[in-house]
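**Student:** Model the structure of this input:
(one chain, ligands or ions: 3)
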Amino acid sequence: MATDDDATSDRVNSVDRVFKKVLDAVAKTAPEIREGLPTRRAKVETENPSGETPLAADVYADELLCERIGDIEGVGTYASEERPEAQTVGSGLSVCVDPLDGSSNLKPNNTMGTIVAIYDSPLPATGDDILAAAYVLFGPTMTMITAYDDTVTEYVIQDDGTYQAIRVDVTLPDDPTVYGFGGRVADWVDEITEYVREIESDPSMKLRYGGAMIGDVNQVLTYGGIFAYPTLADAPEGKLRIQFEGYPVGYIVETAGGASSDGHQSLLAVEKDDLHARTPVYVGNESLVDGVEAHLSDDD
Ligand SMILES: O=P(O)(O)OC[C@H]1O[C@](O)(COP(=O)(O)O)[C@@H](O)[C@@H]1O
Ligand SMILES: [Mg+2]
Ligand SMILES: [Mg+2]
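**Tutor:** Residues are numbered from 1 along each chain as shown. Ligands and ions are numbered 1, 2, ... in the order given. You can find the predicted model right below:
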C-alpha cells in the first residue's frame, strides 16, 4: 500500500527531474542564444509588458527558451519578462524566465545573462513557492549558477551545451569588497544616498556596476558585497521584476548564505499580484543588506 512517505519521495523525485531537465535545456540553449546575439542587436517594434522596447535578441532568447522549457514533462506554465501572459504548456511546475538580463549591454559587448526560476504554484507565485533558481552568465566564459536543495553550485557551460560543476557549495565571502547601486544617482532617495556614501567611505569597498543585474550579482557572489537596484524618488518600486529577477536572485543569494531585501523584508517575503510587478532589490552580505533596511526604516 502506498504511504505518505512514498508520495513525498515521488514528489521529490519528480521535482528533481524537472529541475535537472530545465538546467539541461537552459545550458543547451545558452550557446545558441550567444551565437544569435551579433545579428540581433536592433530593437523590435513592439513594447514588452514593462513598457520597454526589447531587442531582437531578447525575443529570440525568449522564443528558444519557451520552446525548450515548454517541452519538458512536468512543466505546466512558462512565463517571461517579454510576454504579457503566462503560457500553459502542460501540467506541473511554473517556470519564469528573464531570457536576456542586461540586454542594453549587447551593443557595447558587455556581460548579460539568462535567469530562471521554478515555482511550485500558479503564477504570479510567492517567494515561498520557489523551488529552484539559476542563471547563465555570458561573460568571457559561459557559466551557470544554480540554487537548489540548500546548495549553490557554479558550472561552466561548453559550446555543445554540456556543463560541469566548477564550484560546489558556493557561499558569499565573509569580508565584502564590492558594491553597485543602479538607477540615476540624482533619483536616489536621501536614505540610499547617505548609505552609499557610508559604504564608499570604507577603504575596502570598490564600486562594481556593469548594467546587467546578473553580472553584478555574480561579482557579489564571488567577492562579497552588495548589489542594489533601489527604490527611486520617481519610481518607488525601482525597476526590477519580482517574478523574473527579484525572487530568483533573492533565493540564490540567500541560499549562498547572504541576505535579500526589498528595503524592509526579505525579497522572498514580498507578495505581488501582478506577473510583471516591480520591486526594489538589495542583495548581498547580511551586514550590508541590514544597513539598507536600517537606513530606510528611518523614514517609516
Ligand atoms: O540601465 P539601468 O537603468 O542602470 O538598468 C540596469 C538594470 O536593468 C536591467 O538591465 C533590467 O533587466 P533587463 O535587461 O532584463 O530588462 C538589469 O539587468 C540591470 O541591473
Ligand atoms: Mg533583467
Ligand atoms: Mg530581460
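**Student:** can you tell me which helix in this protein is longest?
**Tutor:** helix 4-36 (DSSP state H).
**Student:** For that helix, buried residues please.
**Tutor:** By neighbour count on 16 or more other CB atoms under 10 Å, the buried set for helix 4-36 is 15, 18-19, 21-23, 25-31, 33-34. In this view, the C-beta of every residue, glycine as well, is placed from N, C-alpha and C.
**Student:** For it, give the mean pLDDT please.
**Tutor:** Per-residue pLDDT values over helix 4-36 give a mean of 92.
**Student:** angle of the helix or strand just after that helix against helix 4-36?
**Tutor:** Where DSSP states H and E defines the elements, the next helix or strand beyond helix 4-36 is helix 56-70. In terms of direction (axes from the mean of the first three to the mean of the last three CA atoms, to 10 degrees), helix 56-70 departs from helix 4-36 by 150 degrees.
**Student:** got the contact list for the next helix or strand after helix 56-70?
**Tutor:** Note on helix 56-70: by DSSP H and E, the next helix or strand toward the C-terminus is strand 75-80. The contact list for strand 75-80 (CB atoms under 8 Å, 6 or more residues apart in numbering) reads 18, 22, 62, 65-66, 69-70, 85-99, 122-123, 243-244, 275.
**Student:** Now, of these, which are buried?
**Tutor:** Here, 16+ other CB under 10 Å leaves 18, 22, 62, 65-66, 69-70, 86, 89, 92-99, 123, 243-244, 275 buried among those.
**Student:** Which residues does the closest residue to ligand 2 within the stretch 51-200 of the chain form beta bridges with?
**Tutor:** The nearest approach of the stretch 51-200 of the chain to ligand 2 comes at residue 101, 3.5 Å away (CB to the ion). On the basis of DSSP bridges, residue 101 is bridged to residue 113.
**Student:** check contacts around residue 243.
**Tutor:** So residue 243 contacts 79, 96, 117, 123-125, 272, 275-277 (CB under 8 Å, 6+ apart).
**Student:** Report the secondary structure state of the closest residue to it other than its chain neighbours.
**Tutor:** In space, residue 243 comes closest to residue 96 once its chain neighbours are excluded; the distance is 4.8 Å by CB to CB, 6 or more residues apart in numbering. Assigned by DSSP: H, G, I helix; E, B strand; the rest coil, the conformation of residue 96 is strand.
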